[in-house]
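1. Sequence plus predicted model, see below.
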Amino acid sequence: MKAIVLAAALAALLGIGLLRPPPGSGPDDAAAPVADAAAQRRHGAYLARAGNCMGCHTAHGGEPYAGGHVLETSIGTFITPNITPDPDTGIGEWSAEDFWQALHHGQGRDGRPLYPAFPYPDYTRVTRPDADALFAYLQSLAPVAQRNPPGRIRFPFNFRPLLHVWRALYFEPGTYVPDASRDEEWNRGAYLVQGLGHCNACHTTRNPLGISQGDVLGGGRLMESNWYAPSLTSLQEGGMSDWAIEDIARLLTTGMAPRAAATGPMAAVVSQSLQHLRPEDARAMAVYLRSLPETAPYSRGPAPGLTGDVDRLLRQGEDIYEAHCRECHGAAGQGMLNAYPALAGNRGVTLASPTNAIRSVLFGGYGPVTERQPRPYGMPPFAQHLRDEEIARVLSYIRNAWGNRGSLVTAAQVDRSRKGIH
Ligand code: HEC
Ligand code: HEC
Ligand code: HEC
């Protein structure tokens, strides 16, 4: 059976391989001369933050960019490569052309296709001058000799040539093409969101290989961790078409806005990447995000019918809230700006899928660590203090108090999250 699958894949691969033009020959691929090398490196350092290269290419407590970061995905575990300029274990022998092949075409130095766990389907939007600046910056780092172990990718996905087939079907290299009907600021925001920001790498539905299959920025589950990254094109989820530009920019760079807070993986994106954006770039992203068209008409979540049983359950939830949550989140769920998020009117609380809210209460969490807020306030974990039924009740309560509307949370849902079942 395995042999048949592989043979079919190889046949498809050869056929498709013949049809594709060799990479590196399109108009996007031309390099331009650089006048000021130091300025180019500084520019590259900024872009590396905007792309959060360090976030994935640094092991926990390890040397920056030396790789070794463990990345769990639905097809197995990746151990990220060393991208410092060490000649043996890093990319010291690479040319700017090799780097461009990786970032733009998703091809390794030896021509092998790379897995989209490296978000090149987004980075392909990056222009050649920006890619060259990124490369110049990485080459200016101190080389770190660190050989990282190979990852553990499951069959059949560990058969790398299969990627040729998927790429031929789903991956189209191409730098960002400005929309002439929009102004420069909007285009700058679109370039950053679609390219280096790789927002769509999390905020969409993906197939097991990690290739985007859903609507762009339409929301999706992070398969490895069971967090749900909400749709950025729906006001019911994470859409911002009725927000003030300043509030969006503030959420991106501080993780806090009047009715939202970045938590979990999004808090990491803010700490590692978005807080370093120049104010004009954060604003450009906000302008673009605000302009995204709504994909679904707004409707309030499915509120439970107020039967006597439901009423009793919500009142039990209210008692738990008074005892354990009110001191921080406030009597009316109003929170305290820049310290404790509001729960009233917070879409993170009322999302159709309660998984993020369940995770917050079970495991607690911190907002992003930023220069402005080096010691963010924490949410204590309640996994040891409250039983599944109690957590379900308090969550059902906050999803239906103060004008919020959301389905009731069940103890079984809390139990699954506690056990890490997705
Ligand atoms: C979400 C995690 C993630 C982010 C963010 C990320 N990478 Fe990677 N990168 C990977 C993984 C995983 C691989 C290995 C892919 C493979 O084995 O096919 C990789 C591979 C690479 C390679 C190929 C290295 C080699 O030895 O073949 C380069 C170059 C690279 N990344 C550069 C970058 C740059 C530059 C950025 C920022 C703009 C970046 N990466 C951001 C996960 C990431
Ligand atoms: C590593 C995965 C990941 C990446 C990359 C990512 N996000 Fe998120 N994002 C999430 C998750 C998970 C959540 C849900 C948790 C939360 O609400 O903070 C989220 C939440 C959000 C929210 C809603 C916040 C709220 O509570 O209302 C916005 C807005 C958002 N992301 C914007 C972005 C933008 C813009 C980018 C690109 C610059 C981006 N995200 C990149 C995972 C990601
Ligand atoms: C000591 C103060 C404190 C207490 C007590 C507390 N919280 Fe929190 N809570 C926070 C902070 C701070 C955050 C933001 C953490 C983060 O961003 O990960 C938060 C985040 C949350 C979130 C996620 C909000 C979002 O935007 O995604 C939910 C849901 C939540 N708390 C519910 C509760 C419930 C229910 C209780 C009681 C069982 C409770 N909290 C008790 C401080 C607290």
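-> Structure's in. What do you need? Residues are numbered from 1 along each chain as shown. Ligands and ions are numbered 1, 2, ... in the order given.

2. Sketch out the strands for this structure, chain order is fine.
-> Ranges of strands in the chain, per DSSP state E, are 70-73, 76-79, 152-153, 220-221, 228-229, 256-257, 260-261, 365-366, 378-379.

3. got a list of what Pro64 touches?
-> 54, 57-58, 141 (C-beta atoms under 8 Å, 6 or more residues apart in numbering). (Each C-beta comes from the backbone N, C-alpha and C, glycine too.)

4. can you check Pro143 too?
-> Contacts of Pro143 (C-beta under 8 Å, 6+ apart): 84-87, 90, 92.

5. now do His276
-> By C-beta under 8 Å, 6+ apart, the neighbours of His276 are 46, 49-50.

6. Now do it against ligand 2, distance only.
-> 12 Å (C-beta to the nearest ligand atom, to the nearest Å).

7. One more: Pro374?
-> 19 Å.

8. same question, Ala339
-> From Ala339 over to ligand 2 (counting by C-beta to the nearest ligand atom), the distance is 16 Å.

9. pretty sure that residue contacts Tyr377?
-> Yes: judged on C-beta atoms under 8 Å, Ala339 makes contact with Tyr377 at a distance of 4.9 Å.

10. Quick check: neighbours shared by the two?
-> Common neighbours of Ala339 and Tyr377 (C-beta under 8 Å, 6+ apart) are Cys328.

11. ok, and for stretch 216-235, which residues are buried?
-> Within stretch 216-235, the residues scored as buried using 16 or more other C-beta atoms under 10 Å are 217-223, 226-235.

12. That stretch vs ligand 2: in contact?
-> Yes: counting by C-beta under 6 Å from any ligand atom, ligand 2 is contacted by stretch 216-235 at 222, 227, 229-230, 232.

13. From the residues you listed, list the ones also adjacent to ligand 1.
-> Among the residues of stretch 216-235 next to ligand 2, no residue lies close to ligand 1 (C-beta under 6 Å from any ligand atom).

14. For Gln334, state which of these is nearest.
-> Pro230 (21.7 Å; C-beta to C-beta).

15. give the contact list for the closest one.
-> So Pro230 contacts 203, 219, 237-238, 347-348, 351 (C-beta under 8 Å, 6+ apart).

16. again with Asn400
-> Asn400 sits in contact with 303-304, 314, 406, 408, where contact means C-beta under 8 Å, 6+ apart.

17. Please identify the member of those residues with the greatest number of neighbours.
-> In terms of neighbour count, Gly406 stands highest of the contacts of Asn400 at 23 neighbours, by other C-beta atoms under 10 Å.

18. Can you check the pLDDT for that residue?
-> Confidence at Gly406, expressed as pLDDT, is 93.

19. try Pro27
-> 74.

20. What about Asp29, how many residues nearby?
-> Neighbour count of Asp29, defined by other C-beta under 10 Å: 16.

21. for Val177, same thing?
-> When neighbours are counted by other C-beta under 10 Å, Val177 registers 11.

22. wait, what's in contact with the residue of the chain positioned farthest from its centre?
-> Centroid-distance maximum for the chain: Gly308 at 41.5 Å, with C-alpha atoms, centre = their mean. Gly308 makes no contacts at all, as judged by C-beta under 8 Å, 6+ apart.

23. before we move on, what about Gln213?
-> 204-207.

24. and with 6 Å instead?
-> Applying C-beta atoms under 6 Å, 6 or more residues apart in numbering, we find Gln213 in contact with 205, 207.

25. still on that earlier bit, generate a PyMOL selection restricted to the buried entries among the contacts of Pro64.
-> To isolate the buried ones among the contacts of Pro64 in PyMOL, judged by 16+ other C-beta under 10 Å, type:
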select buried, resi 57+58+141
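
26. What separation do you get for the nearest residue to Arg42 once chain neighbours are set aside and ligand 3?
-> Spatial nearest neighbour of Arg42, excluding adjacent residues (C-beta to C-beta, 6 or more residues apart in numbering): Tyr137 at 7.9 Å. Distance, Tyr137 to ligand 3, using C-beta to the nearest ligand atom: 31 Å.

27. What count of nearby residues applies to Tyr137?
-> Neighbours around Tyr137, by other C-beta under 10 Å: 20.
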